[in-house]
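In: Sequence isn't available, so here's the structure alone:
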């Protein structure tokens, strides 16, 4: 059933075109929510796995991937993201779905559950936290202190900022340094990171900093005790973007949540530990949601 594929744009009320694609068939739909500055690279292996028995919906946030940038660039961030997903589900005829979130997509999934709980059948939260990402990046407040200065610089000199980011991120050195410093170089494949660097290098830096500002000020921590759907949390012991203690905290606070910790995993666990992630996700969907267990 996983061979079906459809892609289209949903034109939002403010005119912004929102890109989405649907793969496979079968209920409930699995909706994948990306991290900041991403257009789906983290779902490379999990998408075909899920599409064996279910419809999978992938989509790009405003200003990300193939989605357009709103004419009014203040219309970015968490509240618009949740509204966009609700409209997308309506347009696709999806009443209820299992939400997957990676990185900042975890915040999106949790906030969407707060606002549209009846439309969420389950949550799979991977390498993310409930909020305030600048407070915990590398377990330091350095980025939080630097961010206002960086944002003002980008806002004042957007063309120059875009050229600089493109020049730096388009180099092989940037990718190799990131793999060496941030990721598990023994398990990550270079080609799996190419789409991320390519997308980020060409992204509008104003969109990036305004979206990050919104996410940095958002938290769903107060909502965690009220998450009333089966929840699987996956974290990496060496994740420097979202320290693993945040995964443990979410697992303690969300009623009945399951926790999978991969001690050597980093922020790209779905790419580094494909087999283990697929195994646990499959078991979770089968045991907690009563869904068909995909064959190994």
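Out: Sure thing, it's come through. The structure presented is a predicted model; accordingly, all values stated were derived computationally and were not measured.
In: Quick check, pLDDT for residue 143.
Out: At residue 143, the model reports a pLDDT of 88.
In: just checking, it touches residue 136?
Out: No - contact criterion Cβ atoms under 8 Å: residue 143 and residue 136 do not qualify, at 9.6 Å. C-beta here means a position set from N, CA and C on the backbone, and glycine is covered the same way.
In: Between those two, point out the one with more neighbours.
Out: Comparing residue 143 with residue 136 by other Cβ atoms under 10 Å, the one with more neighbours is residue 136, at 19 against 16.
In: where does the stretch 1-150 of the chain have low pLDDT?
Out: 1-3 (pLDDT under 70).
In: mind listing the strands for it?
Out: For the stretch 1-150 of the chain, the strands defined by DSSP state E, counting those that start in this stretch occupy 5-11, 17-23, 29-33, 56-59, 97-102, 120-126.
In: could those go into JSON lines alongside distance to residue 159?
Out: Formatted as JSON lines, these follow (distance: least, Cβ to Cβ, whole Å):
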{"stretch": "strand 5-11", "distance to residue 159": "27"}
{"stretch": "strand 17-23", "distance to residue 159": "23"}
{"stretch": "strand 29-33", "distance to residue 159": "30"}
{"stretch": "strand 56-59", "distance to residue 159": "28"}
{"stretch": "strand 97-102", "distance to residue 159": "30"}
{"stretch": "strand 120-126", "distance to residue 159": "35"}
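In: what's around the nearest residue to residue 170 once chain neighbours are set aside, how many residues?
Out: Nearest residue to residue 170, sequence neighbours excluded (Cβ to Cβ, 6 or more residues apart in numbering): residue 201, at 5.1 Å. For residue 201, the tally of surrounding residues (other Cβ under 10 Å) stands at 17.
In: Could you verify my assumption that residue 201 touches residue 164?
Out: No - in this structure residue 201 lies outside contact range of residue 164 using Cβ under 8 Å: 10.5 Å.
In: quick one: terminal-to-terminal distance for stretch 128-148?
Out: 22 Å (Cα to Cα, to the nearest Å).
In: Now do the same for the closest residue to residue 168 other than its chain neighbours: helix, strand or coil?
Out: Spatial nearest neighbour of residue 168, chain neighbours left out: residue 174 (5.6 Å); criterion: Cβ to Cβ, 6+ apart. Three-state assignment for residue 174 (DSSP: H, G, I helix; E, B strand; the rest coil): helix.
In: What about residue 174, how many residues nearby?
Out: Using other Cβ under 10 Å, residue 174 is surrounded by 15 other residues.
In: Tell me how far it lies from residue 122.
Out: From residue 174 across to residue 122, the span is 37 Å (Cβ to Cβ, to the nearest Å).
In: got the contact list for the residue most central in space within the chain?
Out: Nearest to the mean C-alpha position of the chain, by Cα atoms, centre = their mean, lies residue 34 at 2.5 Å. Neighbour list for residue 34: 40, 42, 43, 60, 61, 64, 102, 103, 104, 105 [criterion: Cβ atoms under 8 Å, 6 or more residues apart in numbering].
In: so which of those residues is the most crowded?
Out: Most neighbours among the contacts of residue 34, by other Cβ under 10 Å: residue 104, with 30 neighbours.
In: Find the residue closest to it in space, skipping its chain neighbours.
Out: Nearest residue to residue 104, sequence neighbours excluded (Cβ to Cβ, 6+ apart): residue 36, at 4.5 Å.
In: same question, residue 241
Out: In space, and not counting its chain neighbours, residue 241 is closest to residue 267: 4.3 Å by Cβ to Cβ, 6+ apart.
In: same thing with residue 137?
Out: Going by Cβ to Cβ, 6+ apart, residue 137 has residue 143 as its nearest residue, at 4.7 Å.
In: ok, back up a step: so where does the residue nearest to residue 241 fall, helix or strand?
Out: According to DSSP states H and E, residue 267 maps onto no helix or strand at all.
In: coming back round to it: these two touch, right, the residue nearest to residue 104 and residue 210?
Out: No - counting by Cβ under 8 Å, residue 36 stays clear of residue 210, with 11.0 Å between them.
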